[in-house]
Structure formats: structure tokens, C-alpha cells
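Enquirer: based on what follows, work out the 3D shape:
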Amino acid sequence: MSLPTLSHAETSPAETTAVPEPLPLPRGLTFTPDDWQILARYWYPVARSVEVTGGPLGATLLDVPLVVYRVGGEGSGEVVVADDICPHRGTKLSLGEDQGDGEGIRCPYHGLRFGSGGKCNAIPAHPGDKIPARMHLRSYAAVERYGLVWTCLAAAPGDEPAIPPVPHWDEPGFQQINCPWIDIEAFAGRQIEGFLDVGHFAFVHHETFADPENQVVPEYTPVPTADGFESEYWSTVSNLPPGTDLEVSDDFLWLRHYRLHVPFTGTLVVFFPEGIRLSLMNAASPVSATRTRLFDARCRNFDLDQPLSEVYDFNLQVFNEDRRIVEQQKPENLPLDPKLEVHIPADRSSIAYRRALRAAGLSEFFTA
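Expert: Okay, here's the model as predicted:
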């Protein structure tokens with residue numbers, strides 16, 4: 001079996017960079033201002049591409065209410081991400097509608113239409129008048145990748161997106177899947193730390209894929225990368241979902257290759273026998289410091305005839321097992337000071353994650 005090799009070319013954690021001109025802070029800020037300024041410069045998913053058929057679709061990222069819509073053709077046109085507020089009288093545009101003409105969305109109050117790049121292109125009350133620049137929406141860079149719509153509050157439209165990769169996504173023989181997102185009443189850092197954790201399988205996931213008697217965590221070593229870390233974790237804990245036709249011996253050593261991308265995106269490749277792979281991304285999009293919308297992009301080269309509804313149901317069951325734990329953790333925020341919580345050797349990924357967040361300039365104690 002061909003195994004991956006951890007990259008040592010990038011051997012230092014993400015470095016703290018000078019913060020550019022501060023961005024305007026949102027109303028109802030739930031993060032510390034300094035942390036928010038750092039987090040706002042990363043890319044996050046805000047919708048599944050299949051949800052954005054025209055528009056409008058409401059979303060919230062880092063306390064900023066957004067409207068997501070498509071212009072120029074259902075399924076293939078330009079996706080726009082902008083502030084969810086009409087400049088005219090402050091109405092939420094996500095309450096509006098798509099006229100079906102590919103020209104944009106209408107404000108539900110006075111019918112102003114907003115199209116490509118968030119620009120206002122029609123004022124019904126004054127069809128012949130010039131539209132002032134102040135009537136255009138504040139829009140953000142948007143890109144569709146891995147079946148998700150990504151945006152960055154600090155990037156300008158057209159900026160090159162720094163979006164983590166989903167391993168094997170574009171390779172022949174792999175089925176691409178986007179499970180429905182799930183809302184979690186918890187901080188994104190807690191959720192991603194749980195995704196990286198290898199010590200909770202027997203206790204949290206024993207009804208889905210893990211063995212409650214298989215509790216020992218073998219040694220593993222996270223390796224720093226430019227934007228986080230990666231690790232290879234070998235164990236006899238199975239990753240077989242119910243209903244699969246695959247048969248694996250009890251003594252088979254499963255390889256799980258994790259990669260963390262600061263701040264809230266993790267990927268995992270699970271190595272089955274005979275070249276079979278499951279590759280998945282968990283992208284925890286911070287609605288606020290106390291709420292997270294978890295997006296999923298995965299691909300696999302097995303069970304290709306399995307109904308997607310079964311994949312969705314199983315994934316939701318696993319997510320709910322994690323959610324039950326994450327939503328009741330105290331403190332709600334993620335302590336970045338290593339002295340604030342007690343650690344065990346199985347926590348190497350957690351320690352590496354918190355170290356990477358500190359290296360990115362985030363505060364020692366996330367606000368939540």
C-alpha cells in the first residue's frame with residue numbers, strides 16, 4: 001500500500017504578520033476586536049453551491065450578516081456575497097426575491113435590484129435616473145470550490161483565494177459529495193479541535209464507527225506546516241460505516257492522515273485496504289464566537305452506488321455525536337494558554353492546533 005509522506009518542507013507554524021488597515025467592525029461583535037481583525041482575513045464557506053440557485057440566501061460570518069445570490073444563469077452564473085442590507089432604507093435583502101431574469105435580486109421594500117458585483121442596476125421608482133455609487137452594495141470576494149461558496153471579508157473581488165485543498169477531490173474514480181451543513185451552538189475552535197482529536201472515538205462514536213473497547217491511543221507526532229500541522233495516526237479503530245460491503249480484518253492498521261489549516265479547517269484522509277480512500281474536509285465557519293456552521297466536502301472511491309441520503313444520514317449521526325459534547329464544553333471558548341487546561345499525551349494534535357492559533361497572532365483566550 002502506498003502511504004503518504006509528511007511534508008517537512010514547511011516546518012514552521014504560521015507566522016504572525018502585520019495587520020493591515022483595520023476593517024470596520026460589525027455590530028454586536030462577539031470576538032475581541034483584535035482577534036476579529038485577524039480572523040476576517042481568512043476564507044470561509046458560507047453556503048453550498050447547490051443552495052445558490054438564484055437568490056437571495058442569508059448567511060452570517062464573524063457576526064457580519066451576508067446575502068448570497070447568483071446572477072447570469074442558474075447553476076452557472078456569478079455568485080455574489082455582499083452585506084445583507086439595502087443602502088436605501090436598511091432592509092434585509094435576504095428577505096427579497098429573484099426575478100428569474102438573471103439580473104439579480106430585488107429588495108422587498110422598494111424593489112431596488114442588485115446584480116453583478118453587488119451593484120444596483122435598477123430603481124423602479126426612477127427608471128431613467130442615474131444610479132448613485134452609494135446605492136451599490138459592499139460586496140466581498142467569492143469563489144466556488146469543492147461544492148461550496150467561499151468568501152473572505154478582507155479580500156477584494158478577484159483576489160486569489162487561499163482555500164485549503166481537499167485531497168483526491170479531482171482525481172478519477174472519486175465521487176464528490178457535499179453533506180448538508182449543520183449548525184452548532186459552540187465556538188468553531190472547539191469544533192475543529194474535536195475533529196482533530198483521536199482519543200474520543202471509543203467514547204463518543206461507539207454507535208457509528210468506533211469500538212467502545214478499543215480505547216488506547218497509539219503514539220503519533222504532529223508535524224508543523226506553514227498554516228498549521230499534519231499528522232499520520234495509525235490504529236486498529238475501524239472507519240467502516242454501517243451498510244458498506246467492504247470487509248476488513250480486525251487486526252488491520254488504519255491510517256488517518258490529518259491536516260489542520262488555521263484557523264478552522266481540517267482535512268482527513270482515511271486509508272482503507274487495497275487503495276480505497278475516504279477524504280473529507282470539515283470547515284467550521286464561525287457565525288459568531290458562540291455559533292458555528294459546519295460545512296463538509298468529501299470524496300471517496302468506494303460504495304459509489306450507495307444512495308447519498310444514506311451518506312448524509314450517517315454523517316449527521318457522527319456530527320450529532322460530536323455536537324453533544326462540544327455544545328456543553330466549558331469554557332465555551334478555546335483556551336490558547338497551555339496552562340489553562342490539563343493535557344495528556346493523546347492531546348498532541350490539540351496542543352499543536354492551539355500553538356498554531358497563537359502563532360497566527362490570536363489571543364491566548366478566545367472570546368466567546
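Enquirer: what's the local residue count around residue 253?
Expert: Neighbours of residue 253 under the rule other CB atoms under 10 Å: 11. Where C-beta positions appear, they are placed from N, C-alpha and C, glycine not excepted.
Enquirer: let me see the contact set for the closest residue to it other than its chain neighbours.
Expert: Distances taken as CB to CB, 6 or more residues apart in numbering put residue 234 closest to residue 253, at 5.1 Å, once the chain neighbours are dropped. By CB atoms under 8 Å, 6 or more residues apart in numbering, the contact list for residue 234 reads 218, 220, 253-256.
Enquirer: same thing with residue 260?
Expert: Residue 260 sits in contact with 192, 196, 228-230, 266, 349, 352-353, 356, where contact means CB under 8 Å, 6+ apart.
Enquirer: show me which of these is closest to residue 281.
Expert: Residue 281 lies nearest to residue 266 out of the contacts of residue 260, by CB to CB, at 7.3 Å.
Enquirer: isn't the closest one up against residue 279?
Expert: No: if you go by CB atoms under 8 Å, residue 266 and residue 279 don't touch, sitting 11.9 Å apart.
Enquirer: now the stretch 51-200 of the chain, which segments are flagged as low pLDDT?
Expert: 73-75 (pLDDT under 70).
Enquirer: just confirm residue 160 is within a strand.
Expert: No: secondary structure of residue 160 (DSSP: H, G, I helix; E, B strand; the rest coil): coil, not part of a strand.
Enquirer: and it, how far is that from residue 152?
Expert: 10 Å (CB to CB, to the nearest Å).
Enquirer: can you tell me which of the contacts of residue 234 are buried?
Expert: Buried residues within the contacts of residue 234, counting neighbours by 16 or more other CB atoms under 10 Å: 220, 254-256.
Enquirer: one step back: am I right that the residue nearest to residue 253 is in a helix?
Expert: No: per three-state DSSP, residue 234 lies outside any helix segment and is strand.
Enquirer: for residue 235, see how far away residue 218 is.
Expert: From residue 218 to residue 235 the distance is 5 Å (CB to CB).
Enquirer: quickly list what the most centrally placed residue in the chain is bridged to.
Expert: The residue lying closest to the centre of the chain (CA atoms, centre = their mean) is residue 283, at 2.0 Å. With DSSP bridges applied, the residues forming beta bridges to residue 283 are residue 265, residue 295.
Enquirer: quick one: contacts for it?
Expert: Taking CB under 8 Å, 6+ apart as the criterion, residue 283 is in contact with 44-45, 148, 164, 264-265, 294-297.
Enquirer: likewise for residue 277?
Expert: Taking CB under 8 Å, 6+ apart as the test, what residue 277 contacts is 168, 174, 269-271, 300-301.
Enquirer: go on, residue 135?
Expert: 87-88, 112, 120, 123.
Enquirer: any idea which of those residues is the one closest to residue 131?
Expert: residue 120 (5.2 Å).
Enquirer: where does pLDDT dip in the stretch 201-350 of the chain?
Expert: In the stretch 201-350 of the chain, residues with pLDDT under 70: 242-243.
Enquirer: that one: helices as residue ranges?
Expert: In the stretch 201-350 of the chain, the segments counted as helices under DSSP state H, counting those that start in this stretch are 201-204, 308-326, 348-359.
Enquirer: what's the most buried one of those?
Expert: helix 348-359 (a mean of 21; mean count of other CB atoms under 10 Å).
Enquirer: what packs against it?
Expert: Applying 3 or more CB pairs under 8 Å, 6 or more residues apart in numbering; DSSP states H and E, one finds that helix 348-359 contacts helix 188-196, strand 228-235, strand 254-261.
Enquirer: rebuild the ones you listed as a markdown table, extending it with distance to residue 34.
Expert: Formatted as a markdown table, the helices and strands packed on helix 348-359 follow (distance: least, CB to CB, whole Å):
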| stretch | distance to residue 34 |
| --- | --- |
| helix 188-196 | 16 |
| strand 228-235 | 20 |
| strand 254-261 | 21 |
